[in-house]
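*Asks:* here's a sequence, model it:
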Amino acid sequence: MAVFVLVHGGGHGGWCYQPVARLLQKTGHIVYAPSLTGLGDRAHLVSDKVDLDMHITDIVRLLEYEDLRDAIIVGHSYGGMVITGVADRATDRVGHRVYLDAAYPRHDESLLEHAGPMISAARQGGRIIDGVELVLFPDMSGPEFYGVTDPVRNAWAKARLTPQPWKCFDQKLQLTNEAAMRAIPESHIICTVTKPGRNMELLQQRAQGRVWDIDTGHDLMLTEPDWVAEKLLLIAAGG
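*Replies:* Got it, this is the predicted structure:
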């Protein structure tokens, strides 16, 4: 039995992992899919204090308070920033890092620097509300922006997307235990369209071949949940 901690990307919440989580739970695994502070069902907690560091702390505290060990932490998109920081700060609790079409950052790098053009474009539709600069509003970056084309699933996702503080994307990731963090096994599950922008040779080397791609939308946990769950189960089995 494995323990999965599924970390969502920008503008999303734990809700986006429902299809994958249910498939993993059906096979007997334990699954946590929390919403990061200020997003999803925790959108009411948005403030000018919400940033990358807070989101890393969200997951570190989950690992600590649930006393999780050898957890498989999965980060989608912006969630790749988060799980990298989590593995750096809670190395003894993480057994595997999985990057789900996610950012794969280096020390002292922000998501803006890591994926500049896409993130800069997201800021164009931003608004300042109660002193907080928010981006990724659903009316500007709806499910179709993330490749969700099925009408039913699109409507379901659109009702749940929430804007996100810009600070999360602009803050630089600080790593203090990088050697130990990089020693934790990793895998990459990505969309084919993002391969040209990735150092595939490096990913293959660091993941020791555990790199899979599929031709689908960026929200692959919604567009191809069975395929994603299959790969996560393979990772849990040591494949």
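*Asks:* in the chain, which helix is the longest?
*Replies:* If you go by DSSP state H, the chain has its longest helix at helix 52-65.
*Asks:* for it, list the C-alpha coordinates in PDB.
*Replies:* Presented in PDB, the C-alpha positions along helix 52-65 are these (Å, rounded to 0.1, in the frame of the first residue of the first chain):
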ATOM      1  CA  LEU A  52       5.000  29.800  -2.900                       C
ATOM      2  CA  ASP A  53       6.500  29.400   0.600                       C
ATOM      3  CA  MET A  54       3.100  29.200   2.100                       C
ATOM      4  CA  HIS A  55       2.000  26.500  -0.300                       C
ATOM      5  CA  ILE A  56       5.200  24.500   0.400                       C
ATOM      6  CA  THR A  57       4.400  24.800   4.100                       C
ATOM      7  CA  ASP A  58       0.800  23.600   3.400                       C
ATOM      8  CA  ILE A  59       2.100  20.300   2.200                       C
ATOM      9  CA  VAL A  60       5.000  19.900   4.600                       C
ATOM     10  CA  ARG A  61       2.500  20.400   7.500                       C
ATOM     11  CA  LEU A  62       0.200  17.800   6.000                       C
ATOM     12  CA  LEU A  63       3.100  15.300   5.900                       C
ATOM     13  CA  GLU A  64       4.000  16.100   9.500                       C
ATOM     14  CA  TYR A  65       0.500  16.100  11.000                       C
END
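*Asks:* partner strands of the following helix or strand past it and their direction?
*Replies:* Proceeding N to C from helix 52-65, the next assigned helix or strand is strand 71-76, under DSSP states H and E. Applying DSSP bridges, strand 71-76 is found paired with strand 3-7 (parallel), strand 94-100 (parallel).
*Asks:* would you turn those strands into TSV with distance to residue 134 and mean pLDDT?
*Replies:* Glycine gets a C-beta too; all of them are placed from N, C-alpha and C. Formatted as TSV, the strands paired with strand 71-76 follow (distance: least, C-beta to C-beta, whole Å; pLDDT from 0 to 100):
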stretch	distance to residue 134	mean pLDDT
strand 3-7	20	98
strand 94-100	24	98
